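A.B. asks: sequence and predicted structure are below.
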Amino acid sequence: MFRNLLYEGSRILRRKMSITTKRLDNGITLLMEDIKSINTASLGFFVRAGVKNELPGEEGISHFIEHLLFKGTTNRSAKEISEEIDDQGGMINAYTSVEKTAYYIQMTSNTLEIGIDILNDMFLNSTFTDENIEKERNVIIEEIRMYEDIPEEVVHEENLGFAITGAQSQKVAGTIESLKGIDREKILKYFYDMYKPENIVVAAAGNIEEEKIFKQLNEGIGQLKDRSTKRVYNGDMVINSGEKIIVQETNQVHLCINTLGTSSTDKDRVEASVISNVLGGNMSSRLFQKIREERGLAYSVYSYTSNFDEGGLFTVYAGTTHEDYKEVISLIEEELKELKENGITEKELQRAKNQFLSMVTFGLESSKGKMTRMAGSYLVYGYVRDIETVIKEIEDVNLNDIKRVAKKIFDEKYISKTILGNI
């Protein structure tokens, strides 16, 4: 049954996709996929400017700028930016991660032009007034305080900082102290340095008119000039070992156990993802069944991988009780050892492959999913990887590869723990 599902998923995914790649006048890459079978479109500006690019004294500035671009231009107020999108029934949003900041719209096809005009305006004409900077500084400080009241958020953030030495482990929002040191001069310098043509990719997918989009973008963000200065960036990262205890009054004990992960382009990244899926990726995973279903020791238990250009981290999380947390740690460590020594079963491998193919399929059934895939692939590889390559990587994973990678990543010298709670 598993093999038939895998074959069927591969056959569906291999349907030919037509992606157009163009260059705007200033060199910005534009990726487009026209899908006439739907009536919506998604378009995003993706910038290679994230947490890891922030120098000392700039912690949180990428996220700060993400907020500020919505706060007004020379042509529109913050209210007008949101109202023009809402009036058309569209959606505009953004996010900041370790390696990029993205701004995107989702519109009906016949209103896409309005959304593009707003994104162009935000990138070319944002005012970054002192008044807005102070307002958003306070907003983000409250955002930080809100997350500080959520123990699960705190443990993941603190865990990343403990498990990794390097810029990749900095907090996306920064700290209250770092935000207070970011003024308009720093904001403009970072914006000019990072928001330059060579760092920007635009992706559009849906029922679109490619020539019309190209023309509108070329007349807009295609006129963005490079005003950058030289920046010295150190992307080296080290995976640490050890244990960090955070004593805090909580109803649960929250814990993360980490080991070596893989980079975004590592040849073993698919195998590591399969291992994570089998270990704690879903309700049929080993840890979910053993810790939650069989013993009732945790409501939430899962694993995930964090992949960066320079390396990665493999993490298991569980939220449990003060009385049970040591047993939960012991069970997780037992499962890591079992995977390292014996790998996984054929049934587990085929289940994971089917789930990955399903995720790819789901992502290709929406304009947003297609937009995100194109941009993400281009930012990592410098081109859009074809679906056939993605499928083959999944299909080629075998039990021997899984065992080899498990032995590598579950080496005790990489194991670290972060434990938060009233302990």
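C.D. replies: Everything's here; your move.
A.B. asks: Leu160 - nearest residue in space that isn't next to it in sequence?
C.D. replies: Ser169 (4.9 Å; CB to CB, 6 or more residues apart in numbering). C-beta: built from backbone N, CA, C; applies to glycine.
A.B. asks: would you agree the one you found is in contact with Gly161?
C.D. replies: Yes - Ser169 is within contact range of Gly161, at 4.6 Å (criterion: CB atoms under 8 Å).
A.B. asks: contacts only, for Gly280.
C.D. replies: By CB atoms under 8 Å, 6 or more residues apart in numbering, the residues touching Gly280 are 286-288, 301-304, 316.
A.B. asks: thinking again about what came up before, so what's the residue nearest to Leu160 up against?
C.D. replies: Here Ser169 is in contact with 160-163, 237 (criterion: CB under 8 Å, 6+ apart).
A.B. asks: same thing with Asp117?
C.D. replies: Asp117 makes contact with 216, 220, according to CB under 8 Å, 6+ apart.
A.B. asks: try it again with 10 Å
C.D. replies: Listed by CB atoms under 10 Å, 6 or more residues apart in numbering, the contact set of Asp117 reads 75-76, 84, 216, 219-220.
A.B. asks: what about the spatially closest residue to Gly57 that is not a sequence neighbour, neighbour count?
C.D. replies: Spatially, and ignoring its direct neighbours in sequence, Gly57 is nearest to Gly181 (6.0 Å; CB to CB, 6+ apart). Residues lying near Gly181 (other CB atoms under 10 Å) number 14.
A.B. asks: can you give me phi and psi for Gly181?
C.D. replies: phi -90, psi 0 (degrees, to the nearest 10).
A.B. asks: show me where the stretch 101-250 of the chain has strands.
C.D. replies: Using DSSP state E, counting those that start in this stretch, the strands of the stretch 101-250 of the chain run over residues 101-108, 164-165, 200-206, 238-239, 242-247.
A.B. asks: any idea which element the residue with the largest distance to the centre of the chain lies in?
C.D. replies: The C-alpha centroid of the chain is most remote from Glu323, which lies 34.1 Å away (CA atoms, centre = their mean). For Glu323, there is no enclosing helix or strand under DSSP states H and E.
A.B. asks: what's the domain layout of this protein?
C.D. replies: As given by automatic domain parsing, the domain ranges for the chain are 16-223, 238-421.
A.B. asks: related to what we said a few turns ago, can the contacts of Asp117 go into CSV with extra columns for distance to Ile409, neighbour count and pLDDT?
C.D. replies: As requested, those are exported to CSV (distance: CB to CB, whole Å; neighbours: other CB atoms under 10 Å; pLDDT from 0 to 100):
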residue, distance to Ile409, neighbour count, pLDDT
Asn75, 51, 15, 98
Arg76, 49, 18, 98
Glu84, 48, 18, 97
Gln216, 46, 17, 98
Glu219, 49, 13, 98
Gly220, 45, 20, 98
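A.B. asks: max pairwise distance over those: which two?
C.D. replies: The span of the contacts of Asp117, defined through CB to CB, is set by Glu84 and Glu219 at 18.4 Å.
A.B. asks: pretty sure Phe64 sits in a strand.
C.D. replies: No - per DSSP: H, G, I helix; E, B strand; the rest coil, Phe64 lies outside any strand segment and is helix.
A.B. asks: ok, it to Ala173 distance?
C.D. replies: Distance, Phe64 to Ala173, using CB to CB, to the nearest Å: 8 Å.
A.B. asks: anything in contact with each of the two?
C.D. replies: Common neighbours of Phe64 and Ala173 (criterion: CB under 10 Å, 6+ apart): 96, 140, 179.
A.B. asks: where does Lys22 sit: helix, strand or coil?
C.D. replies: Applying three-state DSSP: Lys22 is strand.
A.B. asks: beta partners of the residue lying closest to it once chain neighbours are set aside?
C.D. replies: Distances taken as CB to CB, 6+ apart place Leu30 nearest to Lys22, at 4.6 Å, with adjacent residues excluded. Under DSSP bridges, the beta-bridge partners of Leu30 are Lys22, Val202.
A.B. asks: so Leu30 touches Asn218, yeah?
C.D. replies: Yes - if you go by CB atoms under 10 Å, Leu30 and Asn218 touch, sitting 8.5 Å apart.
A.B. asks: ok, those two, which is more surrounded?
C.D. replies: Just comparing Leu30 and Asn218: by other CB under 10 Å the higher neighbour count belongs to Leu30, 22 against 17.
A.B. asks: and the residue nearest to Glu198 when sequence neighbours are not counted, how far is that from Asn218?
C.D. replies: Closest residue to Glu198 apart from its sequence neighbours, by CB to CB, 6+ apart: Gly27 at 6.4 Å. Using CB to CB, one obtains 11 Å as the distance from Gly27 to Asn218.
A.B. asks: do the same with Phe410
C.D. replies: Phe410 is 50 Å from Asn218, where distance means CB to CB.
A.B. asks: just Gly57 next, same as before
C.D. replies: Taken as CB to CB, the span from Gly57 to Asn218 is 36 Å.
A.B. asks: over to Asp25?
C.D. replies: Going from Asp25 to Asn218 by CB to CB gives 6 Å.
A.B. asks: what do you get for Tyr192?
C.D. replies: Tyr192 is 21 Å from Asn218, by CB to CB.
A.B. asks: name the residue closest to the centre of this protein, please.
C.D. replies: The centroid of the chain falls nearest to Ser97 when counting by CA atoms, centre = their mean (5.7 Å).
A.B. asks: and the helix or strand harbouring Tyr95, what's its mean pLDDT?
C.D. replies: Per DSSP H and E, Tyr95 falls inside strand 91-96. In this model, strand 91-96 carries a mean pLDDT of 98.
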